[in-house]
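1. give the three-dimensional model of this entry:
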Amino acid sequence: MSGNAKRASTVEASVECQIRGLAAERHLPAPHLEQWLGLDEPSRASFLEIARKLRLRTGQLLAALDMLAEIAVRERLDVAAILSKPSVARIVDGRGSAPARAHEFIEELRALRFPRLRAALDRIRTEVAALKLPRGARLVLPKQLGSDELTIELRVRSVAELEKFISMLGERRAALARIVAMLGGDDDV
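-> Residues are numbered from 1 along each chain as shown. Here you go, the predicted structure:
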């Protein structure tokens, strides 16, 4: 075995040892550990680096491994290529707390896994922003569009303020109806 081959083998063994150590710390189920170890060496190492940098919790590790597997199959890419996408790298190398970036990382993987869902959510958010609701009024969209329910929150301190909000919502009725239809899956609205 040449010197380069020995070094590569040592690096691979070290990465595997580190993965096993992190998996033990996080109580990663055996099937997910095997899934991780089954990745090619650059993908294993890339995911290990991100898992450490973002301090991914057990549930986040499980979700990320599952989503990465699906994205890799659909896009015909290895995991290292997915993890090096600019949108992912921006999150991993960005500012903010590790837990906040870890959450954002999972959300980005979810968006990569479901690109049509992300596009629909972006269109809905654009519609909500176009409403230009005044302070004290807020539209709450369902998480991950798992529901077609729209919540409208109003904070009022007087009857006059309530009447103003009700009038404002009446003026924006068509736009609100469009958002509700979009939540229900009607993209042609």
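2. domains of this protein?
-> 3-113, 116-183 (automatic domain parsing).
3. so which residue is dead centre in this structure?
-> Glu107 (0.6 Å; Cα atoms, centre = their mean).
4. redo the domains of the chain as a markdown table? Include mean pLDDT.
-> Shown next, in a markdown table, are these (pLDDT from 0 to 100):
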| stretch | mean pLDDT |
| --- | --- |
| domain 3-113 | 90 |
| domain 116-183 | 86 |
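5. okay, the ones you listed, which one's buried deepest?
-> Among the domains of the chain, domain 3-113 has the highest mean neighbour count (mean count of other Cβ atoms under 10 Å), at a mean of 15. Backbone N, C-alpha and C define where each C-beta goes, glycine included.
6. show me where the protein has its strands.
-> With DSSP state E as the criterion, the chain has strands at 137-140, 151-154.
7. and the ones you listed as CSV, adding distance to Ala23?
-> CSV is the format used below for these (distance: least, Cβ to Cβ, whole Å):
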stretch, distance to Ala23
strand 137-140, 37
strand 151-154, 39
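8. to Arg44, which of these lies closest?
-> Set against Arg44 and scored by Cβ to Cβ, these come closest in strand 137-140, at 39.7 Å.
9. what helices or strands is the closest one leaning on?
-> strand 151-154, helix 159-171 (3 or more Cβ pairs under 8 Å, 6 or more residues apart in numbering; DSSP states H and E).
10. from Arg125, how far out is the residue nearest to the centre of the chain?
-> Using Cβ to Cβ, to the nearest Å, Glu107 is found at 13 Å from Arg125.
11. cool, Ala174 as well?
-> 18 Å.
12. check contacts around Ile71.
-> 77, 82, 109, 112-113 (Cβ atoms under 8 Å, 6 or more residues apart in numbering).
13. give me the contact list for stretch 60-68.
-> Taking Cβ under 8 Å, 6+ apart as the rule, stretch 60-68 contacts 26, 28-29, 32, 35-36, 47, 51, 54, 56, 79, 82-83, 102, 105-106, 109-110, 112-113.
14. using CSV, list the CA coordinates for that stretch.
-> Only the C-alpha atoms of stretch 60-68 are listed here, as CSV (Å, rounded to 0.1, in the frame of the first residue of the first chain):
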residue,chain,number,x,y,z
GLN,A,60,-32.3,16.8,13.4
LEU,A,61,-29.7,14.2,12.5
LEU,A,62,-32.4,11.7,11.7
ALA,A,63,-34.5,14.1,9.6
ALA,A,64,-31.4,15.4,7.7
LEU,A,65,-30.2,11.9,6.9
ASP,A,66,-33.7,10.9,5.6
MET,A,67,-34.1,14.1,3.6
LEU,A,68,-30.6,13.9,2.1
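15. on that earlier part again, can you flag which of the contacts of Ile71 belong to helices?
-> Members of these lying in helices (criterion: DSSP state H): 82, 109, 112-113.
16. cheers, nothing more for now.
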